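> Quick check, what structure comes out for this input:
(chains A and B)
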There are 2 protein chains.
Amino acid sequence: MKEFELIARYFQQPTLSWCNEIISTSIGDDCAVLNIPDGQELCVSMDTLVEDVHFPKQANPYYIATRALCVTLSDLAAMGATPVGFTLAITLPSANEAWLKSFSDGLIEIAQQYQCSLMGGDTTKGPVLVISIQVHGIVKKGCALKRSDACVGDKVYVSGNIGDGAGALPFVLQDPCLQTELTARYYKPFPQVEYGQSLIGVASACLDISDGLIQDLNHICKSSSVGMMIDSRKIPLSEALLQECSKHQALEYALTGGDDYQLAYTAKHCVKGLCIGEVVSGSEVLVPGREAKKNGFQHF
Amino acid sequence: MKEFELIARYFQQPTLSWCNEIISTSIGDDCAVLNIPDGQELCVSMDTLVEDVHFPKQANPYYIATRALCVTLSDLAAMGATPVGFTLAITLPSANEAWLKSFSDGLIEIAQQYQCSLMGGDTTKGPVLVISIQVHGIVKKGCALKRSDACVGDKVYVSGNIGDGAGALPFVLQDPCLQTELTARYYKPFPQVEYGQSLIGVASACLDISDGLIQDLNHICKSSSVGMMIDSRKIPLSEALLQECSKHQALEYALTGGDDYQLAYTAKHCVKGLCIGEVVSGSEVLVPGREAKKNGFQHF
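Prediction:
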């Protein structure tokens, strides 16, 4: 199959790739063209997933697609932005039609759910499967949620249960096709897009938890020149996770495991948030009672 | 070296990554944030380069970087857009500091030359080197050069010599570090940004030649529902190329080889263009006198 046939058959279909008031040109020209509405700004973020590093090579291609798009959309959620479209760079060892059909179906599910159109990209041949996705979203000018405005005295919140992604990993590695409540959190993490939008004007700093709660909160500390005191007893853990491991292990997954894609944020006060600590003067995250260990995923 | 140290040391430096009136947030948050000026639209394009597929693994990392960024900027040139910034997804087998320094220096040269800032991306570990770059540029609303408006009676033009990229490939493969006029065209193709801008209001259709002149012109034919009659005697060939191979071989490189990154476009009349044929009724590119053979690079 030629590259252009492959694109036409699996990517350039109206349920996955469409134009609208913002996307004036999509797949099929040298560039996609975006018209950003007056008073809005564009947020962009790019994530890469490599086989057997960020997902098992033998996983269902449907879920490789949902995972790849959801983890990237999570960055838009962290800015409070509304998804518009994405680009896809996919490097494939071969053009297997069944694999591509399933992968494309996974993209369609998430593209429809978040109304995020595939606008372009590049399809290349290479020895390993590598997927890079860039998402594009809009937010009212000056309102994007940054990491840099946390203030001493703010509370620290998370948007939901932490630790499920890391808790799922041993099961995913053991059987890439196992389908449980926990593995679903790994393969189809839930980008907190609406939650992020609701934090505009409320949160002083926000990010999504991808590399582990402590390591990610340290990014806010560094950007905002503050410290944080986290009460680990307040960190919400799911029943599904606690059924699979001890509370101590679950908490370690939450603090250092990554792959959660919940939002962590700071605010003076937030009714809907789950408060887990407070912003203090200092320069890093402290978790009283916990011995200093590994704080999160290291890529190299 | 940790991912964040690597990013800070090699990518997040003021000569490579800066903010300005358009880029309000760059590397260091969940997303980069772009403010598109009123009356302008945003063009985006993504390209992937895989080691030993799109460049030799042993090539100088400086030139891997210049090639990766230049071929992607060429897509902005093809729309008549002005570069603003780029994102970089790089998958590396290891974090070799000398390699990264040289790669980063190559990016800096092109980023400075085209005033295109590194705004974000993702750095991951994987078994092979894969580089995906997305470029972002602006163009006056409604003025981007598409592929779809060529008309019967228009002339077909190219912006310069064709065939050098493909002609350089055998030398590049034989010795990835050889530096000649021809290999320079391969490692540092010249994105025709200013030329593309000068075609706004002049060209009816435009693209950059990446996969071979015939195959690429066929994209215009398909998008515009026209045919083309190309006079192969008019295709401009460089002295550097003609010193290395026969005229017949040089012409095959030009017609089918790819890697040129010159612009090919149609217009009623263009003073500066090199006319190579005309738009006719039909559905594909015809080159009288040439036997039908391979028309361009096939990715799968």
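
> Which residues of the stretch 51-200 of chain A lie near chain B?
Applying Cβ under 8 Å from any Cβ of the partner chain, we find that the stretch 51-200 of chain A lies next to chain B at A:53-54, A:75-76, A:78-79, A:81, A:87-89, A:91-92, A:94-95, A:119-128, A:130, A:132, A:134, A:136-137, A:139, A:141, A:144, A:146-148. For glycine as for every other residue, the C-beta is placed from the backbone atoms N, C-alpha and C.

> In strands, which of those appear?
Using DSSP state E, the members of these that fall in strands are A:87-89, A:91-92, A:119-125, A:130, A:132, A:134, A:136-137, A:139.

> List only those of those residues flagged as buried.
Buried members of those, counted by 16 or more other Cβ atoms under 10 Å in any protein chain shown: A:87-89, A:91-92, A:119-125, A:130, A:132, A:134, A:136-137, A:139.

> isn't residue A:256 right up against residue A:296?
Yes - if you go by Cβ atoms under 8 Å, residue A:256 and residue A:296 touch, sitting 5.3 Å apart.

> Now do the shared contacts for those two.
Residues touching both residue A:256 and residue A:296 by Cβ atoms under 8 Å, 6 or more residues apart in numbering or on different chains: A:212-215.

> So which of those is the closest to chain B?
Proximity of these to chain B (Cβ to the nearest Cβ) peaks at residue A:215, which lies at 9.1 Å.

> Would you agree residue A:132 is in contact with residue A:54?
No - with contact defined as Cβ under 8 Å, residue A:132 does not count as touching residue A:54 (11.0 Å).

> List the residues that are in contact with both of those two.
Common neighbours of residue A:132 and residue A:54 (Cβ under 8 Å, 6+ apart) are residue A:48.

> quick check: domain ranges of chain A?
The record's domain parsing of chain A by automatic domain parsing lists A:3-140, A:155-286.

> Adding distance to residue B:105 and mean pLDDT, write those out as a markdown table.
Listed next are the domains of chain A as a markdown table, based on distance: least, Cβ to Cβ, whole Å; pLDDT from 0 to 100:
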| stretch | distance to residue B:105 | mean pLDDT |
| --- | --- | --- |
| domain A:3-140 | 22 | 96 |
| domain A:155-286 | 27 | 96 |
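
> Export the ones you listed to TSV and append columns for distance to residue B:35.
TSV is the format used below for those (distance: least, Cβ to Cβ, whole Å):
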stretch	distance to residue B:35
domain A:3-140	5
domain A:155-286	17
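
> So which of those domains is nearest residue B:285?
When the domains of chain A are compared by Cβ to Cβ, domain A:3-140 sits nearest residue B:285, at 14.9 Å.

> and the closest one, how far apart are its ends?
End-to-end distance of domain A:3-140: 38 Å, with Cα to Cα, to the nearest Å as the criterion.

> same thing with stretch A:188-197?
Stretch A:188-197: ends 20 Å apart by Cα to Cα.

> Need the contact partners of that stretch.
Contact with stretch A:188-197 is made by A:63, A:66-67, A:70-71, A:73-74, A:76-83, A:110, A:114, A:145, A:159-160, A:165, A:206, A:208, A:259-263, A:272, as judged by Cβ under 8 Å, 6+ apart.

> Next, the buried residues of it.
By neighbour count with 16+ other Cβ under 10 Å, stretch A:188-197 contains the buried residues A:188-193, A:195-197.

> cool, stretch A:108-117 as well?
Under the neighbour-count criterion of 16+ other Cβ under 10 Å, stretch A:108-117 has A:108-111, A:113-114, A:116-117 buried.

> Roughly how far does the most centrally placed residue in chain A sit from residue A:132?
Nearest to the geometric centre of chain A sits residue A:71, at 2.7 Å (Cα atoms, centre = their mean). Residue A:71 sits 12 Å away from residue A:132, going by Cβ to Cβ, to the nearest Å.

> Same question for residue A:183.
Residue A:183 is 24 Å from residue A:132, by Cβ to Cβ.

> Counting by contacts, list what the longest helix along chain A packs against.
Looking across chain A with DSSP state H, the single longest helix is helix A:61-79. Here helix A:61-79 touches strand A:40-50, strand A:82-92, helix A:97-113, strand A:130-140, helix A:181-187, helix A:193-198, strand A:203-208, going by 3 or more Cβ pairs under 8 Å, 6 or more residues apart in numbering or on different chains; DSSP states H and E.

> Which stretch among the ones you listed approaches residue A:58 most closely?
Nearest of the helices and strands packed on helix A:61-79 to residue A:58, taken as Cβ to Cβ: helix A:97-113 at 11.3 Å.
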